[in-house]
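S.K.: next comes the sequence, and after it the predicted model I'd like to discuss.
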Amino acid sequence: MATTIQIAVRTLVEHVYRSGSIDSKFRSQSTLLDGTRIHQKIQHTYQESDQKEVYLRTDLSFKDLVFTIDGRCDGLLFRDGEVIIDEIKSTSHHLEHLGQEGLPVHWAQAKMYAYIYAQDHQLQEIFVQLTYVQVESDEKKYYKQCFTLEDLEIFVHEVAESYYPYAKLLHDHRKARNNSSKQLVFPFESYRAGQRKLAGAVYKTISEEKSLFVKAPTGIGKTISTFFPAVKAMGEGYLNRIFYLTAKTITRTTAEEAAERMRSCGLCMKTVTITAKDKVCFKDETKCQKDYCEFADGYYDRINEAVLDIVSNENSMNREVIETYARKHTICPFEFSIDLAYAVDAVICDYNYIFDPRVSLKRLFEDQKKSTVLLIDEAHNLVDRGREMFSASLKKYSFLQLKKEFKTVNKIVYDGASKINAWFISLKKNHPEQSEFTLEQLDEELVELLTQFNEGAELFLQKENAPNLLELYFQVNAFLKIVELLDDHFVIYGEKNNNDITLKLFCIDPSKQLQKMGKNYRSKALFSATLSPLSYYRDILGGQEDDYSLSIPSPFKEEQTDIFIKPLSTRYRDREKTKEPIASMIHALVQNRPGNYLVFFPSYQYLLAVYEQFKKEFPGINTLLQGAGMSEEERELFLAEFKPNQSETLIGFAVLGGIFSEGVDLKGDRLNGVVVIGVGLPQLCYERNLIKDHFNQKEKSGYDYAYVFPGMNKVLQAGGRLIRSEEDHGTIVLVDDRFLQRQYRELLPLEWRRFTVI
Ligand code: SF4
């Protein structure tokens, strides 16, 4: 029996008819927004007998496949005996760009609808009309053509023929994938304590279409315990795609290894890893324009062949593999990885490809989301990452600069920048006293000015290259996007800095937006060793009443760790006088218990002060110092110094919450002890205080939300570097008198609560 493949008209024609180059030089951001308005406006002009948004569907047999193709055409018009399929397209480009004929992909879409309608209604001929509308001027251009049913049959056959190799490849692969996933057993000899429970919970969550929040200790193997059940759920037909989302590159590697391990046990699964554009770019500058970058030039002419090539030959499409095929086909490795994300079974990538409204994968349609699970690793990071993704700011200085630059170049851009600059000046004047101040609401006038500015910028950028204008244009667009989200989860504030002033739309509580962006996915599993307190993370990460929660106890024995608390004040005012006792304490520790240590400090300044003190007093002991802005290579060299069974002690001085306090895996004797100085509280600042006030007003514990919980998270992460297997043994010293206070003590993991005060 032939297999049915469901596909939307638009997806089908966009796949077959894509052509041309990547061009970030200028792409109108307003098209989509105005598109809806313009569609409705045109549809309003239809006659009474006409129909709009007509649903059309057909089954098309081709070789051993049946394509079920469907979609909604914008208009079905009846004029003087003619039946016309109307397809409306809005554009911010001048209409002359369309030439004599319009764009092939638009014709293809409309012809596909025409074919379905003509076939259904036994029409021997039918008209197709493309209605283009210029968004700023409202100018219209029509293209109209008559097709016989025979013409359309030939056309549809050609489309199916072009799409068939890709569809067949995916179809055959998915069949093999589902069969192999059914056979797959857990890819380790046995489950570690806690792993089975976690895997079971993830499977249940997916089968019941729920979400799950998990606190599971470091070292139990969270990646495989979440990835494996998701793969099993795929075999059972619950899922078609898995997104493994991480905040850091290092955790992406762990996910790649887990996928590889399952493959080595017989699983037939294709994965792609998305690496950030600026990292993977082949050129010196990330200027995605066809006249600068050969990998952008003609990208869409070559992409289908490249996708077929890589998907036919590779299972693990990591950065290296993608780069190899990208060079082979002369295509951009970043855009290639994004295109592959729609073809593979599992995507390993940063949070922002799902949650950031500015970069999320736009082509994941709602029906695809329903068969997709999000596995969100180290989910505690999503709080601040969420805040960043949903916030935006603008500086007065940028407009002032542009005003100067465009004075003699373009009047529209010059006027636009001048007016916004003047708006900022009056904002400053209205708040003469404070360096920071909040605004009750955003001035409508500013939104109007920014919209006009961008319209002017669009017109200019269509014709000319202007890097500064382009950059500000994107910033304004991002800002206007966030304006649309504003509600009581945001605070609008101004900040004066020397002569400049910044206006920020600050998303204080990302829960609502995270919930919105994660909506419609079949399931989500958010997990971390430090999702603690779980109720706080559920609240701020957009959890809902009926979501599941799971807390897995540590599989390691209490005797594996000796916990000490040194009740010294590490508050800012006491730092100068504590550098000596801390240096002495570290020395006494390594004298009694020689080995490899990491000592984490709440600030770089404090770190340097103690480090210098320590070197002065104990110059004979080997030390390492975390540098400011270390490269990946320097970071690797730093960690490589932590060798097992060293005869001499080594102490690494590092920053709490920095690159060495999370995601670092120093197993066994590579690390014997961790010292954490302070309770990790973020520095007192205006933004943190806004968070505090906001949650206090919501009758939650504002100080905990703004300071204590994020701070203690860093402490737990740093301490979590130590015991990572059943064989590890080590020492944790917590230096701060606040660790003895109930508020902080209760946030320590159970296995840390049997401590000795020193
Ligand atoms: S290779 Fe670099 S410059 Fe070229 S399109 Fe890709 S990201 Fe842009």
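M.R.: Structure's in. What do you need?
S.K.: what mean pLDDT does stretch 318-325 have?
M.R.: Average pLDDT, stretch 318-325: 97.
S.K.: does that stretch reach the ligand?
M.R.: No: against the ligand, stretch 318-325 shows no contacts by Cβ under 6 Å from any ligand atom, the least distance being 10.3 Å. To be clear about C-beta, it is placed using only N, CA and C from the backbone, and glycine gets the same treatment.
S.K.: now do the buried residues in that stretch.
M.R.: 318, 319, 321, 322, 323, 325 (16 or more other Cβ atoms under 10 Å).
S.K.: please convert the residues you listed to TSV, extending it with secondary structure.
M.R.: As requested, the buried residues of stretch 318-325 are exported to TSV (DSSP: H, G, I helix; E, B strand; the rest coil):
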residue	secondary structure
318	coil
319	helix
321	helix
322	helix
323	helix
325	helix
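S.K.: can you pull the pLDDT of the closest residue to residue 6 other than its chain neighbours?
M.R.: Spatial nearest neighbour of residue 6, chain neighbours left out: residue 68 (4.8 Å); criterion: Cβ to Cβ, 6 or more residues apart in numbering. We have a pLDDT of 96 for residue 68.
S.K.: so residue 68 belongs to a strand, correct?
M.R.: Yes: Residue 68: assigned to a strand according to three-state DSSP.
S.K.: so how many other residues sit close to the one residue in the stretch 501-650 of the chain that gets nearest to the ligand?
M.R.: Nearest residue of the stretch 501-650 of the chain to the ligand: residue 632, at 19.3 Å (Cβ to the nearest ligand atom). Residues contacting residue 632 under the criterion other Cβ atoms under 10 Å number 11.
S.K.: quick one: it from residue 345, how far?
M.R.: 29 Å (Cβ to Cβ, to the nearest Å).
S.K.: ok and the residue in the stretch 1-150 of the chain nearest the ligand?
M.R.: residue 22 (5.0 Å).
S.K.: go ahead and confirm residue 567 touches residue 740.
M.R.: Yes: applying Cβ atoms under 8 Å, one finds residue 567 in contact with residue 740, separated by 5.6 Å.
S.K.: list the residues that contact both of these two?
M.R.: residue 757 (Cβ atoms under 8 Å, 6 or more residues apart in numbering).
S.K.: which residues of the stretch 301-450 of the chain score low on pLDDT?
M.R.: 362-367 (pLDDT under 70).
S.K.: strands of that one, residue ranges please.
M.R.: Applying DSSP state E, counting those that start in this stretch to the stretch 301-450 of the chain gives strands spanning 316-317, 346-350, 372-376, 392-395, 436-439.
S.K.: tell me the phi and psi of residue 594?
M.R.: Taking degrees, to the nearest 10, you get phi -60, psi 160 for the backbone angles of residue 594.
S.K.: got the contact list for it?
M.R.: 648, 649, 672.
S.K.: among those residues, which one has the most neighbours?
M.R.: residue 672 (24 neighbours).
S.K.: confirm for me that that residue is in contact with residue 593.
M.R.: Yes: the pair residue 672 / residue 593 is scored as a contact, 6.8 Å apart, by Cβ under 8 Å.
S.K.: for the stretch 601-750 of the chain, which spans come out with low pLDDT?
M.R.: 724.
S.K.: 80 instead?
M.R.: Residues of the stretch 601-750 of the chain meeting the criterion pLDDT under 80: 663, 723-728.
S.K.: those strands in it, which residues are they?
M.R.: 622-625, 650-655, 673-677, 730-735.
S.K.: now the first one: buried residues?
M.R.: Right, strand 622-625. 623, 624.
S.K.: what is the neighbour count of the residue in the stretch 101-250 of the chain positioned nearest to the ligand?
M.R.: Nearest residue of the stretch 101-250 of the chain to the ligand: residue 249, at 17.7 Å (Cβ to the nearest ligand atom). Residue 249 has 15 neighbours, counted by other Cβ under 10 Å.
S.K.: just checking, what packs against the top helix by length along the chain?
M.R.: Ranked by residue count and defined by DSSP state H, the top helix of the chain is helix 149-183. Helix 149-183 is packed against strand 3-8, helix 9-17, strand 51-62, strand 65-79, helix 104-120, strand 125-134, helix 222-235, helix 299-313, with contacts defined by 3 or more Cβ pairs under 8 Å, 6 or more residues apart in numbering; DSSP states H and E.
S.K.: what strands line up against the third one, and which way round?
M.R.: Under the criterion DSSP bridges, strand 51-62 sits next to strand 65-79 (antiparallel) in its sheet.
S.K.: center of this protein, which residue is that?
M.R.: residue 352 (1.1 Å; Cα atoms, centre = their mean).
S.K.: around the ligand, pick out the residues from the stretch 151-300 of the chain.
M.R.: Counting by Cβ under 6 Å from any ligand atom, the stretch 151-300 of the chain comes close to the ligand at 277, 281, 282, 283, 286, 287, 288, 293, 295, 296.
S.K.: most neighbours of all those residues, which one?
M.R.: Neighbour max across those (other Cβ under 10 Å) = residue 295, 25 neighbours.
S.K.: in a strand, that's where that residue is, yeah?
M.R.: No: according to three-state DSSP, residue 295 belongs to no strand; its state is coil.
S.K.: out of the residues of the stretch 151-300 of the chain next to the ligand, which sit inside helices?
M.R.: Using DSSP H, these in helices are residue 277.
S.K.: redo the residues of the stretch 151-300 of the chain next to the ligand as TSV? Include distance to residue 496.
M.R.: Converted to TSV, these look like this (distance: Cβ to Cβ, whole Å):
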residue	distance to residue 496
277	33
281	36
282	42
283	38
286	32
287	34
288	36
293	40
295	43
296	41
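S.K.: got TSV for the residues of the stretch 151-300 of the chain next to the ligand, with distance to residue 184 and pLDDT too?
M.R.: TSV is the format used below for these (distance: Cβ to Cβ, whole Å; pLDDT from 0 to 100):
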residue	distance to residue 184	pLDDT
277	34	93
281	36	97
282	36	97
283	41	96
286	39	90
287	44	87
288	40	89
293	41	95
295	37	97
296	40	95
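S.K.: which one of the residues of the stretch 151-300 of the chain next to the ligand is nearest to residue 512?
M.R.: The closest of these to residue 512 turns out to be residue 277 (Cβ to Cβ; 28.2 Å).
S.K.: in space, what's closest to that closest one - neighbours in sequence excluded?
M.R.: residue 334 (4.3 Å).
S.K.: from residue 553, how far out is the one you found?
M.R.: 42 Å.
S.K.: next: residue 639.
M.R.: Distance of residue 639 to residue 553, given as Cβ to Cβ: 29 Å.
S.K.: between the two, who's got more neighbours?
M.R.: residue 639 (18 against 15).
S.K.: give the contact list for the nearest residue to the more buried one once chain neighbours are set aside.
M.R.: Setting aside the residues directly before and after it, residue 639 is nearest to residue 664 in space (Cβ to Cβ, 6+ apart), at 6.5 Å. Going by Cβ under 8 Å, 6+ apart, residue 664 touches 250, 639, 721.
S.K.: ok, 10 Å please
M.R.: 250, 598, 635, 638-639, 642, 654, 670-671, 717-718, 720-721, 724 (Cβ atoms under 10 Å, 6 or more residues apart in numbering).
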